[in-house]
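Q: A predicted structure for the sequence below; I have some questions about it.
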Amino acid sequence: MRSVLRSRTAAIGVTAGLVLGSSVLLASPASAAPGDASALGAGVALTGTVPGLVALDATAAVGLVTAGTGGAPGAFDSQGSTLATVQGGEVTVGAVSTRASSTTTGSSASSDVAGAAVSLLGVDVLTADAVTADVTCPVGGGGTTADAGLVGLTLFGTAATLDATTPTVSASAALAGDLLGATLTVDVSRVEQARFGSATATSIVAALTLGGTVGDTQIVDVPLGTVTLASAACESPTAGAAAQITATGITPVVGPTSGGQVVTITGTGFTPDTTVTFGTLPATAVTVAADGASLTATTPASPAGPVTVTVTEPTAGTAELAYTYVAPAITAIDPAQGPAVGGTTVTLTGTGLDTTTGVTFDGTPGTVVSVSPDGTQVVVTSPAGTGVAEVVLTAPAGVTTTAPSPFVYVSPGGPAVVSISPTAGPTAGGQTVVVSGTGLAGVTDVTFGGVAATIVGTPTDTRVTVVTPAGVAGPVDVVLDGADGAAVLEDGYTYLAEPGAASVDPGSGSTTGGDTVTVIGGPFVPGATTVTICGVTIPATAVTVSADGTRLTFVTPACVAGATTIVVTTAGGASDALPFTYVAPAAIVPAGGDRVVPRPVGGTRASGLAYTGSDGTGGVLLGSALMLTLGTALLVGARRRAARDGGAE
C-alpha cells in the first residue's frame, strides 16, 4: 500500500456565528445575548481534501438574519438558487424565507426553505421537499419552544425518516470513475432544543465523510464538510440585562498544528482582561484594540482538527467561534531540479506552511526567502548538494513535513533524460517504459512520483527500461539516480485512470456503417483514444473527444447484422464492453400486383421502372437496370412498361 490518508480536515467557518465544530449552525447560547434571535436558510462548509483525488473549497450561506432586544427585526426572502458548486455536484435550494425579531416581551426566529438538493463527487446525496425551523423565547426564560420540520427526505435516492423519534440517520454510496473503490457517507441529524431561557432548532445537519481504497490509496474516514438546512435560535430577553461580549469573526480560520499563528478576532466588548482559548489551550500574546472591537492572539500548538475558540470577558460573558488546525502538507515542489552548486529558487506549495522556520535538502539548510501569510507557499533557495535530496520543512514544536517528491541535483557530465516512451499509462502500473537519454549506464534507481519502478535488464548509456509501479491519476516526476549522479523529467509521465463507458447513443445502426455514435463515460483522452466495434479498431485520429474527457463520437464501419460490442481504449486501459446492434436496411416491398415506377425528379421517363407480376419478395441490381425478383414477377427497365401496358415487346 503506497499511502494511507486519514482524517485531518474539517469544515471551515462560513460566516461569523454560523459554525460550531464542523457543522454550520447559529450562534450558541454562550455567544448570544439575552433577547437575541437569529435564523439561517442554508449553509455550506465543504472544504475536505484528499490529495490527488478530492479538493473541495465551498463555503456559503443564504438567509442569515439577526435581531436584538429593541432592535429592528431581520427578514430575508429569495427565490431558488445554486448555493455552491463543488467537485462533481452542487448545492441548490428553493425559495428561502427567514425571520428574526426581539422585543421586551420575547424573541423568535423562523426559517423556511422550499426544497433543497445536494450532489457531490458524481452522486446525488440528499434531497428534501421542504425544511423548516421555528423557535420562541418569551421574556423571563420560561415556555421556550423549538420545532424542526422536514418533508420528503431522500438519501442517495432512497426515502429516509428524520423526526423526533429518529433524530439521526446515515447512508452510504459507492463512487465511480477516478474515485472507484471509495464510499461517500452522509450522517444526517436534526436539532430541537428548548430549555429555560433559550431555544435552538435545525431541520437538517448533513455531515459528509469519504472512506475506502482508491487504487493503492487507503482513505480512512476523511470528513468532507457539512451542509445545514433551516436553522433558528433565540434567547429570552431579561429586563436590564448587562451588555454581553460578542465575537463576530476570526481570521484566518485555519492554521498549522504547530501553532504560532497570529489570528485576528473581531467583535464587541473586548477589554485588557479578555482571554482566548483554542479548545482547552490558552492563546498567548492577546492584544486588544483601543476601541474593544478587535484583538490579536497567537495560537497554541494542537492536534489536527476543528476546535472551539472561546473569547472570555470576566464581566460580560463568553463568545465562541470555530477554528481548524491543519497538519502542514507539501503538495508540489517547483522546480524539482537544479545545479549541484545550489542557488536554485524553489517554491513549495501546500497547506499549513505559514509557521515554517526552515527547509532542509537532505539535511542541509536552504535559505527561506518568503512564507505566504495564508500558509500555501514557501520560497527557499537550495544549498549545494548532489544526487537526489529529500526536502523537509520544519516548524515550531518539532513539526516536520516532507515534500512528496525529491529535489534532484544535476551535475555536468551526469545522466540526462531526453524522453520517455510511452508518456502515459494505467494507474495500476505494470507498463513497460523506456527512458532515453545520455549517461544512463550507471542508473540504479528509477522512481515515478517517488515510488520505485522495476528496472528491466541492464541500463545502457542511452536507455533504461523499467516497469511502472502503481500510482494515482495525474502527472508525476520521473527520477533517475545512480553512481554518476541523478536526473529528473518533471511531470514526465502521466497516470491515467481506466476509462469507463456508461452509455452509447444510438444503440444500433445500419450494416452499411456510416452512423455517428456517441459514448458517455471517461476519462477519455483527446487524440489518444481508440474505439473497437465489430472487431474493427477506429484509430484515435477518427475519434472525437470532448474537452472534459467525458464524451466521444465516432462513425461506425460496415458489419454483418447482429449484436456486437463497443470497447473504448486509452493508455489507462480498456473500458467494459457496451452492446451495439447492427441492423440490415429494410427491403423495398411494393403492394402485390401494383406497379412501382420510381422516376428521378423532373419525370424523365427514360429511367423509370415497371414490373409485371403479383407478389414482392426481393431484388437484384444489374448494371444500370434494376431487376427485382418479386415471387414470380420480373422487374425490367423502362422498355418493358410499354409491353406490359399492351404493346409489343
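A: On my side now, so go ahead. The structure displayed is predicted, hence computed values, not measured ones.

Q: drop to CA atoms for contacts and neighbour counts, all remaining ones
A: OK.

Q: is the nearest residue to residue 509 once chain neighbours are set aside in a bridge, and if so with what?
A: Nearest in space to residue 509, with sequence neighbours left out and distances taken as CA to CA, 6 or more residues apart in numbering, is residue 582 at 5.1 Å. Bridge pairing for residue 582 (DSSP bridges) gives the partners residue 509, residue 562.

Q: shaky segments in the stretch 101-250 of the chain?
A: 104, 239-243 (pLDDT under 70).

Q: In it, what residue spans correspond to strands?
A: 106-113, 116-120, 123-128, 130-138, 145-151, 154-155, 158-159, 168-174, 182-195, 198-214, 217-235, 246-251 (DSSP state E, counting those that start in this stretch).

Q: Could you point out which of these sits nearest residue 541?
A: strand 198-214 (31.5 Å; CA to CA).

Q: For the closest one, name the packing helices and strands.
A: Other elements packing on strand 198-214 under the criterion 3 or more CA pairs under 8 Å, 6 or more residues apart in numbering; DSSP states H and E are strand 23-24, strand 130-138, strand 145-151, strand 182-195, strand 217-235.

Q: Show me the one of the ones you listed that comes nearest residue 68.
A: strand 217-235 (9.4 Å).

Q: Check what pLDDT the residue positioned nearest the centre of the chain gets.
A: For the chain, residue 87 is the residue whose C-alpha lies nearest the centre (CA atoms, centre = their mean; 2.9 Å). Note for residue 87: predicted pLDDT of 91.

Q: Distance of it relative to residue 57?
A: 9 Å (CA to CA, to the nearest Å).

Q: what's the answer for residue 288, then?
A: For residue 288 relative to residue 57 (CA to CA), the value is 32 Å.

Q: the more surrounded of the two?
A: residue 288 (21 against 18; other CA atoms under 10 Å).

Q: Not counting sequence-adjacent ones, nearest residue to that one?
A: residue 295 (4.2 Å).

Q: Convert whatever helix or strand the one you found lives in to CSV, retaining C-alpha atoms only.
A: Residue 295 is part of strand 294-298, with elements assigned from DSSP states H and E. C-alpha atoms of strand 294-298 as CSV (Å, rounded to 0.1, in the frame of the first residue of the first chain):
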residue,chain,number,x,y,z
SER,A,294,-10.9,43.5,17.8
LEU,A,295,-7.9,41.6,19.2
THR,A,296,-5.0,39.6,18.1
ALA,A,297,-3.7,36.4,19.7
THR,A,298,-1.1,33.7,18.9
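
Q: and residue 483, how many residues sit next to it?
A: 14.

Q: do residue 547 as well
A: By other CA under 10 Å, neighbour count at residue 547 equals 11.

Q: just residue 176 next, same as before
A: Neighbours around residue 176, by other CA under 10 Å: 15.

Q: ok, now how distant is it from residue 521?
A: In terms of CA to CA, residue 176 sits 10 Å off from residue 521.

Q: and if you look at residue 127?
A: Distance from residue 127 to residue 521, by CA to CA: 25 Å.

Q: who's more crowded, these two?
A: Taking other CA under 10 Å, residue 127 and residue 521 do not tie; residue 127 has more neighbours (23 against 19).

Q: quick one: contacts for the more buried one?
A: Neighbour list for residue 127: 115-118, 152-155 [criterion: CA atoms under 8 Å, 6 or more residues apart in numbering].

Q: ok, 6 Å please
A: Applying CA atoms under 6 Å, 6 or more residues apart in numbering to residue 127 gives the contacts 116-117, 153-154.

Q: beta partners of it?
A: residue 117, residue 154.

Q: From residue 157, how far out is it?
A: Taken as CA to CA, the span from residue 127 to residue 157 is 8 Å.

Q: circling back to that earlier point, most tightly packed of the strands of the stretch 101-250 of the chain?
A: strand 106-113 (a mean of 30; mean count of other CA atoms under 10 Å).

Q: Note down every partner strand of that strand and its orientation.
A: strand 96-103 (antiparallel), strand 130-138 (antiparallel).

Q: what's the closest of those to residue 492?
A: strand 96-103 (50.2 Å).

Q: In space, what's closest to residue 33 - neighbours in sequence excluded?
A: residue 244 (5.7 Å).

Q: Please tell me I have it right and that neighbour contacts residue 316.
A: Yes: with contacts counted by CA atoms under 6 Å, residue 244 reaches residue 316, the gap being 4.7 Å.

Q: Any idea how far apart the tips of stretch 251-258 sit?
A: OK, stretch 251-258 end separation, CA to CA: 17 Å.

Q: need the helices for the chain, in chain order.
A: For the chain, the helices defined by DSSP state H occupy 639-644.

Q: Break it down into its domains, please.
A: For the chain, the structural domains run 36-235, 246-326, 330-410, 416-496, 500-583, going by the TED database.

Q: for the residue lying closest to residue 345 once chain neighbours are set aside, what are its contacts?
A: Distances taken as CA to CA, 6+ apart put residue 381 closest to residue 345, at 4.6 Å, once the chain neighbours are dropped. By CA under 6 Å, 6+ apart, the residues touching residue 381 are 343-346, 366-367.
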